[in-house]
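Just to be clear, the model below is a prediction. Sequence and coordinates:
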Amino acid sequence: QMEDYVQPQIGKRICLKDAFGTIRFFGKLLNNAKAGDDEWYGIEWDDPTKGRNNGSVDGYQYFAPVFHDITQNSCSFIRNGKLPTGITLREALEQKYQANKGLSEEAKKLIEEEESKALVVNTIKEGQKAIEVVGIEKSYKWRFDIIEGTEFLCQNMKIDSVGEFGELK
């Protein structure tokens, strides 16, 4: 979750106040009284106008921007503990495409009962006729057939990694 604070790895994507960036450095800032003995993250922002420096502080270059010119102030330093991280691709897909994830079994059963009550169609000759939907129990697990899907919309899901090897099986 975005509220959790953890130590991300170099190269990991982050989102802070709707600004996206990449971690380029992690460590202590030398000879800087304001930084104290704390550890800091060096971030290169996607939008170069979000930065305050070019990866250097007090004349010491801690990292160089990869996507922007070093003459631009496209980077910032953020104190350890203040950097929220995103979610894995699997977590994003589960959040977006699993309908009832996180609901109690009792809540899932109530939804299933309510949705199965009024399964009828209007006919010309006989008025309303009850219908049966085959396989409806599967729709309570997934809103989308994620196994067969080849394209997924995960815009603004704040994904920061694909996750552990083999996680997307």
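Right, received. Where do you want to start? These numbers come from a predicted model, not from an experiment.

quick one, what contacts residue 41?
Listed by C-beta atoms under 8 Å, 6 or more residues apart in numbering, the contact set of residue 41 reads 8, 23, 25-26, 77-80, 83. No exception for glycine: its C-beta is placed from N, CA and C like everyone else's.

partners of it in the sheet?
Taking DSSP bridges, one obtains residue 26, residue 78 as the residues bridged to residue 41.

Report the separation between it and residue 109.
Shown here: residue 41 relative to residue 109, a distance of 45 Å by C-beta to C-beta, to the nearest Å.

Show me which helix or strand of the chain is least confident by mean pLDDT.
Taking mean pLDDT, DSSP states H and E as the measure, the chain has helix 136-139 as its least confident helix or strand, at a mean of 48.

picking up where we left off before, taking the contacts of residue 41, please make a PyMOL selection of just the buried ones.
In PyMOL, selecting the buried portion of the contacts of residue 41, with burial taken from 16 or more other C-beta atoms under 10 Å, looks like this:
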select buried, resi 8+23+25+26+77+78+83
